[in-house]
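Undergrad: I would like the atomic coordinates for the input below:
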Amino acid sequence: IPLVVWTAAFPLEADRVDDNPANDKVNIKCTGDNSTVFLGILLALGILSLLLGVLISFLNRNINDFFSELSYIGYTLYTVSITVIVVVPMLFILEDEPLAFYIVFVLGCIAANTAALIFLFFPKVYVVLIHPETNTLPVDDHGMLKVNRSN
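TA: Coordinates of the predicted model:
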């Protein structure tokens, strides 16, 4: 939604950047009004969602282990955070090299998304496909759900 609002309110324009006249290459850079402010807003939304994920994980730490995905969410948040901490400074360093900037940006996105998919969905797929017999609710002799809280 924020990207749609930004694109509708402040459309981007392609500017031709000719930094090196001796070189035959011409770079095209997308610019627009208030692009720096909007990128700051997107960064703030990302940080807010990261903090919200950490808060939800912290509040759900005492849920029964069968239902708890705290460790998977924690691994995902950690991996995405480390990826962002490594990639964002590299993007500022490589701002003048469009090809290197694009490669680092794309590889950072792929690494963060792959880590999220692996940590969140691989354990579920593993249980469903490889060990379906373990996909049952833990109940005691009376048919009540066993309370096994993680500490």
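
Undergrad: any idea where the strands of the protein begin and end?
TA: In the chain, strands defined by DSSP state E lie at 13-17, 27-31, listed in chain order.

Undergrad: Tell me how many other residues crowd the nearest residue to V84 once chain neighbours are set aside.
TA: Spatial nearest neighbour of V84, chain neighbours left out: A112 (7.2 Å); criterion: C-beta to C-beta, 6 or more residues apart in numbering. All C-beta spots, glycine's among them, are computed from the backbone N, C-alpha and C. When neighbours are defined as other C-beta atoms under 10 Å, A112 has 18 of them.

Undergrad: What pairs with the lowest-mean-pLDDT helix or strand in the chain, parallel or antiparallel?
TA: Least confident helix or strand, the chain: strand 27-31 with a mean of 73, by mean pLDDT, DSSP states H and E. In the sheet, strand 27-31 lines up against strand 13-17 (antiparallel) (DSSP bridges).

Undergrad: now the strands of the chain in JSON lines, with mean neighbour count and distance to F105?
TA: Output for those, formatted as JSON lines (neighbours: other C-beta atoms under 10 Å; distance: least, C-beta to C-beta, whole Å):
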{"stretch": "strand 13-17", "mean neighbour count": "10", "distance to F105": "18"}
{"stretch": "strand 27-31", "mean neighbour count": "11", "distance to F105": "13"}
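
Undergrad: With distance to Y102 added, can I get the ones you listed in CSV?
TA: Formatted as CSV, these follow (distance: least, C-beta to C-beta, whole Å):
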stretch, distance to Y102
strand 13-17, 14
strand 27-31, 11
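
Undergrad: Out of these, which gets nearest to H131?
TA: The closest of the strands of the chain to H131 is strand 27-31. By C-beta to C-beta, the value is 48.7 Å.
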